[in-house]
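Engineer: Here's my sequence, what's the structure:
(one chain, ligands or ions: 1)
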Amino acid sequence: MTHDLAALQATDPQIADLVRAEEVRQSEKIRLIPSENYVSQAVLDACGTVLQNKYSEGYPGRRYYEGQQVIDQVERLAIDRAKAVFGVDHANVQPYSGSPANLAVYLALAKPGDTIMGMALPMGGHLTHGWSVSATGAWFNAVQYGVRRDTGRIDMDEVRDIALRERPKLMFAGGTAIPRIIDFPAFAAIAKEAGSVLVADIAHIAGLIAGGAHPSPVGHAEVISTTTHKTLRGPRGAMLMCDERHAKAIDKAVFPGLQGGPHNQTTAGIAVALREAAEPAFRGYAASIVANAKVLADELSARGFDLVSGGTDNHLILIDLTPQGVAGKPVAQALDRAGLVANYNTVPFDPRKPFDPSGLRIGTPAVSSRGMGETEMRQIGAWIDEVVAAVAKNDDDTLNATAERVLGEVREVTAKFPAPGLS
Ligand SMILES: *Cc1c(COP(=O)(O)O)cnc(C)c1O
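Structural biologist: Below is the predicted model:
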């Protein structure tokens, strides 16, 4: 379909067929998982190269293996572009993914048993911000904040109360199900008062920040952690950014503290994604993500859906399905059959269990990368409404008929919006 898979086809037709099947899935379906996207063909190209054959433990100019004439240049380009796009003093582009990047922050700036603070996972935080089942919850004394019941927004009074009482070493701001702008200056003021290091985890919103569609934590957070594969639209990987004060500690924590050789093909892909993020067109992409999310939220609200916090400022919408009398999981499964891929999610103060919660999480990065706009967002809102109504009827025939009809309509729309890397 897209990539030349001739060699793969000859060596391993099973895997080649599966790659093609995934290409068809990503092409035909409407992907609404807010942490997912489509990378460009250029990023795909960079990631499938011989750069992956090289061991490069260390950093440019300070390696433990010879033969770094080319790799040093690749990594320096990625670092320089990260510094330019985000306006930071220092960038480390080696973390294998977002979770190891966060572990490196702990290793750099805290000791096991220290108090650390983050948003609780069921409130919209991330596992690595101190949730109990994560190493970060087991090895540190994690204290957790949440959102206000009445507004669905982060409770900054609670953040301050907990911070001044517990004096955490690290304070994480960021998460996986936060539909509103994160107030980095407010977090920074509290962190300063409590003597904490503020870590902005911008994994979800890095592309919005790079594209000017969300305020930047630079100048407020001492350390910034991000994945590169969500709204930033690069390969699966991560970066840590900071000012000179923490540069040495962060670098030492990533290597040799936590990792061995960096994945050089990924570093190249990150460099390409950052070059794309520096183009004027990227600002239009970031703006369209937010505009699309607002239209979709508006359409869903008009159809009677209860959106956590009442709407969205970013790429993400969290729907509480309680009023519809259905749970998140059966809805996510039905939507997938109808060609709309989302994920079930806890909502704040969810009375249901984490594996069978009340919420549905959707987002607009991938559809925006395909160039979809207001018409398609309103249509997606209507489809979600129809599928939820069919699930609520609790009748297999109704659900089958609805899912089949919507899937057909979805295919007609996706055919008109070729996806990057698949066209
Ligand atoms: C996605 C995410 C991570 C973890 O990234 P992985 O690459 O999945 O390990 C960390 N923090 C936040 C806020 C995230 O959204």
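
Engineer: Leaving out the residues flanking it, which one is nearest to whichever residue of the chain sits closest to the ligand?
Structural biologist: Closest contact between the chain and the ligand, by CB to the nearest ligand atom, is at Gly98 (2.3 Å). C-beta coordinates here come from the backbone N, C-alpha and C atoms, glycine included. Nearest-residue entry for Gly98: Thr227, 3.9 Å, with adjacent residues in sequence omitted and distances by CB to CB, 6 or more residues apart in numbering.

Engineer: who's in contact with the one you found?
Structural biologist: Residues near Thr227 by CB atoms under 8 Å, 6 or more residues apart in numbering: Ser97, Gly98, Ala101, Ala203, Ala206, Arg236, Gly237, Ala238.

Engineer: residues touching the fourth one, list them.
Structural biologist: Looking back up the chat, that one is Ala203. Ala203 is in contact with Ser35, Gly98, His126, Gly174, Thr176, Ser225, Thr226, Thr227, Lys230, Ala238, counting by CB under 8 Å, 6+ apart.

Engineer: any idea how far Ile380 is from it?
Structural biologist: 24 Å (CB to CB, to the nearest Å).

Engineer: Then the second one?
Structural biologist: Applying CB to CB, the value for Gly98 to Ile380 is 27 Å.

Engineer: Quick check on those two: which one has the bigger neighbour count.
Structural biologist: Each of Gly98 and Ile380 has its neighbours counted (other CB atoms under 10 Å); Gly98 has more, 27 against 24.

Engineer: Isn't that one up against Arg236?
Structural biologist: No - Gly98 lies out of contact with Arg236 (CB atoms under 8 Å); the separation is 9.2 Å.

Engineer: any weak-confidence spans in the protein?
Structural biologist: Judged by pLDDT under 70, the chain has its weakly predicted residues at 1-3, 423.

Engineer: Residues of it that sit close to the ligand?
Structural biologist: In this structure, the chain approaches the ligand at residues 35, 97-99, 102, 126, 128, 174-176, 201, 203-204, 227, judged by CB under 6 Å from any ligand atom.

Engineer: Filter those down to the ones in strands?
Structural biologist: Using DSSP state E, the subset of these located in strands is Asp201, Thr227.

Engineer: Quick check: beta-bridge partners of the residue nearest to Gly98?
Structural biologist: Beta bridges link Thr227 to Ala238 when assigned by DSSP bridges.

Engineer: could we number from 524 for the rest of this?
Structural biologist: Shifting the count to begin at 524 puts that one at Thr750.

Engineer: and it, how far is that from Val616?
Structural biologist: 12 Å.

Engineer: ditto for Val890
Structural biologist: As judged by CB to CB, Val890 and Val616 stand 28 Å apart.

Engineer: likewise Ala804?
Structural biologist: For Ala804 relative to Val616 (CB to CB), the value is 23 Å.

Engineer: So for those two, which sits in the more crowded spot?
Structural biologist: Between Ala804 and Val616, counting by other CB under 10 Å, Val616 is the more crowded of the two (26 against 10).

Engineer: That one contacts Pro758, correct?
Structural biologist: No - checked against CB under 8 Å, the pair Val616 and Pro758 is beyond contact range at 10.9 Å.

Engineer: which residues are in contact with both of these two?
Structural biologist: Ile793.
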